[in-house]
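**Q** the sequence and its predicted three-dimensional model are supplied below.
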Amino acid sequence: MIRSGITRKATIKPSTKRMKASRPKSTPARKAAQGKPCLVRIPGCDGDAQTTCLAHYSLSGISGAGLKAPDSMGAWCCHHCHAVCDGRMPRPEGYSRNDVRLALAEGVFRTQLALSVE
């Protein structure tokens, strides 16, 4: 069996488009956290309302592998507490990883209560 070569009528051009780097989107819930008190309250918390942001609680099946938890699972959290929760700073002495996760979960509950009262 003799096969003829396949010829392409159009040339393939390499793509010149670059993917844009994704950056955190500013949502109403994230904007609302600015200037609010820290509700996570890990020991060593300075409670600085100037550094408060929305810290998301990670939960298997909802977040992870490039997925961020919804804003409804976020807590108003100062820079210090957020760094401890994310593992960028060491945990306070006597605090286990589960203690930090519990503090963040309680912060989510406090934030939900504060938002329902507003």
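**A** Perfect, thanks for sending it.
**Q** can you list the weak-confidence ranges in this structure?
**A** Per-residue confidence for the chain (pLDDT under 70) gives these ranges: 1-5, 8, 12-24.
**Q** which residues in it form helices?
**A** Listed in chain order, the helices of the chain (DSSP state H) span 28-32, 79-86, 97-117.
**Q** quick check: beta-bridge partners of the residue nearest to the spatial centre of the chain?
**A** Nearest to the mean C-alpha position of the chain, by Cα atoms, centre = their mean, lies residue 56 at 4.8 Å. Going by DSSP bridges, residue 56 is paired in beta bridges with residue 74.
**Q** my read is that it contacts residue 62, right?
**A** No: using Cβ atoms under 8 Å, residue 56 is not in contact with residue 62, being 9.7 Å away. For glycine as for every other residue, the C-beta is placed from the backbone atoms N, C-alpha and C.
**Q** now for those two: what residues contact both?
**A** Listed as contacting both residue 56 and residue 62 by Cβ atoms under 8 Å, 6 or more residues apart in numbering are 69, 70, 73.
**Q** if you rank the residues you listed by neighbours, which is first?
**A** Ranked by neighbour count (other Cβ atoms under 10 Å), these have residue 73 at the top, with 20 neighbours.
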